[in-house]
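Engineer: my questions concern the predicted model and sequence given below.
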Amino acid sequence: MQKLIITAAITGAETSKDLNPNLPVTPAEQAKDAAACVKAGASVIHLHVRGGDGKPSQALADFKASIDAIRKACKPVPIVQISTGGAVGEAMEKRIAPIVNLKPEMASLNINSMNFGNDIFLNHPQDVEKLAKHMIDLGVVPEVEVYDGGDIELAQRMQKKGLLKSPIHYQFVLGVPGGLSGEPHNLIHMIRLIRPEDSWAVAGVGRYETPLAVMAVVMGGHLRVGFEDNIYYHKGELAKSNAQLVERIVRIAKEVGREIATPDDVRKILHN
Ligand code: KMH
Ligand code: ZN
């Protein structure tokens, strides 16, 4: 099995301090939490940023402030994966701008539209194509966010058109109302749809986070934990930090003998 890539999705766009006061939103809070996640074993930080008002932002200055603070605080320096999903309703130009201007090592890429809770997450084919082309041209590694089986077939069609390089690295985001739920058989179904050369990670939303992460550990996949997807440590008990969630899955991985990837390991695994 490949070494385990642990991504910490520390902030997200749909969460707020009202739901969990420990949510990091300022660059300083994000840097402190990311440093603890990296120390615990996370190698990738999936990054959404907030503006001064605490609301989701795609502003370059906000991304730059958080990325600089995270890179300074973390040892070793993690892969900072910029979110191009942003918050639902965000204009595509603003979602593309951080890629073109900041040229991150890695970024998320959402390729399909869907109902997302009570909202619509719109990803027009022409916009997706534009974003995917920028990523190829700039050497930004895409993590293809997929929420249902049809998204995988769409990614394979994009690959045929030269919009995605092979192998594809997928994030199966399971449990969003509007996408596939996080039942174990759904993860198995998603894994069966991808090509043998491709790699996968899973992000279970809410109560699905830990069981799906454990499945990834033993099945040879990779995983994502963090407040973007889940704010609880146990049912009814808020997590104290993102690092607490990373620490738990690292303990489990070590118990079953799965080695943890460092950021440099991830660079070798994913930079093709
Ligand atoms: N906030 C969601 C609408 C991503 O980061 O690429 C989209 C999202 C996915 O979080
Ligand atoms: Zn995200």
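Structural biologist: Received it, and whenever you're ready, just let me know what you need. Ligands and ions are numbered 1, 2, ... in the order given.

Engineer: list the contacts of Ser181.
Structural biologist: Residues near Ser181 by Cβ atoms under 8 Å, 6 or more residues apart in numbering: Leu174, Gly175, Tyr208. Yep, even glycine has a C-beta here, placed from its N, CA and C like the rest.

Engineer: give me the neighbour count for Ile6.
Structural biologist: The local packing of Ile6 (other Cβ atoms under 10 Å) involves 30 other residues.

Engineer: in three-state terms, label the closest residue in space to Arg50 that isn't next to it in sequence for me.
Structural biologist: In space, Arg50 comes closest to Val25 once its chain neighbours are excluded; the distance is 4.5 Å by Cβ to Cβ, 6 or more residues apart in numbering. At Val25 the chain is in coil, as set by DSSP: H, G, I helix; E, B strand; the rest coil.

Engineer: what number of residues lie near Val25?
Structural biologist: 22.

Engineer: which ones are touching it?
Structural biologist: Val25 neighbours (Cβ under 8 Å, 6+ apart): Thr11, Lys17, Arg50, Gly54.

Engineer: what subset of those is buried?
Structural biologist: Neighbour counting with 16 or more other Cβ atoms under 10 Å marks Thr11, Arg50 as buried within the contacts of Val25.

Engineer: in strands only, show me the contacts of Val25.
Structural biologist: Arg50 (DSSP state E).

Engineer: pLDDT on the helix or strand Glu143 falls within, on average?
Structural biologist: Per DSSP states H and E: Glu143 is located in strand 141-146. Across strand 141-146, pLDDT averages out at 98.

Engineer: who are the packing partners of the worst-scoring helix or strand of the chain on mean pLDDT?
Structural biologist: Using mean pLDDT, DSSP states H and E, the weakest-scoring helix or strand in the chain turns out to be helix 263-270, at a mean of 94. Counting contacts by 3 or more Cβ pairs under 8 Å, 6 or more residues apart in numbering; DSSP states H and E, helix 263-270 is packed against strand 79-82.

Engineer: just checking: what are the partner strands of the strand it packs on?
Structural biologist: strand 44-47 (parallel), strand 106-110 (parallel) (DSSP bridges).

Engineer: highest mean neighbour count out of those?
Structural biologist: strand 44-47 (a mean of 28; mean count of other Cβ atoms under 10 Å).

Engineer: now do the helices in this protein.
Structural biologist: 27-40, 60-73, 92-102, 125-138, 149-160, 184-193, 209-219, 242-255, 263-270 (DSSP state H).

Engineer: name the residues of the least confident helix or strand of the chain that come out as buried.
Structural biologist: Applying 16+ other Cβ under 10 Å to helix 263-270 flags Pro263, Asp265, Val266, Ile269, Leu270 as buried.

Engineer: please apply the same query to stretch 134-144.
Structural biologist: His134, Met135, Val140, Val141, Pro142, Glu143, Val144.

Engineer: how about stretch 76-84?
Structural biologist: Buried, per 16+ other Cβ under 10 Å, within stretch 76-84: Pro78, Ile79, Val80, Gln81, Ile82, Ser83, Thr84.

Engineer: for the residue in the chain that ligand 1 sits nearest to, which non-adjacent residue is closest in space?
Structural biologist: Across the chain, the shortest distance to ligand 1 (Cβ to the nearest ligand atom) belongs to Gly85, at 2.5 Å. Take Gly85 and drop its neighbours on the chain: the residue closest to it by Cβ to Cβ, 6+ apart is Asn110, 4.8 Å away.

Engineer: residues touching the one you found, list them.
Structural biologist: By Cβ under 8 Å, 6+ apart, the neighbours of Asn110 are Thr84, Gly85, Phe121, Asn123, Val128, Glu145.
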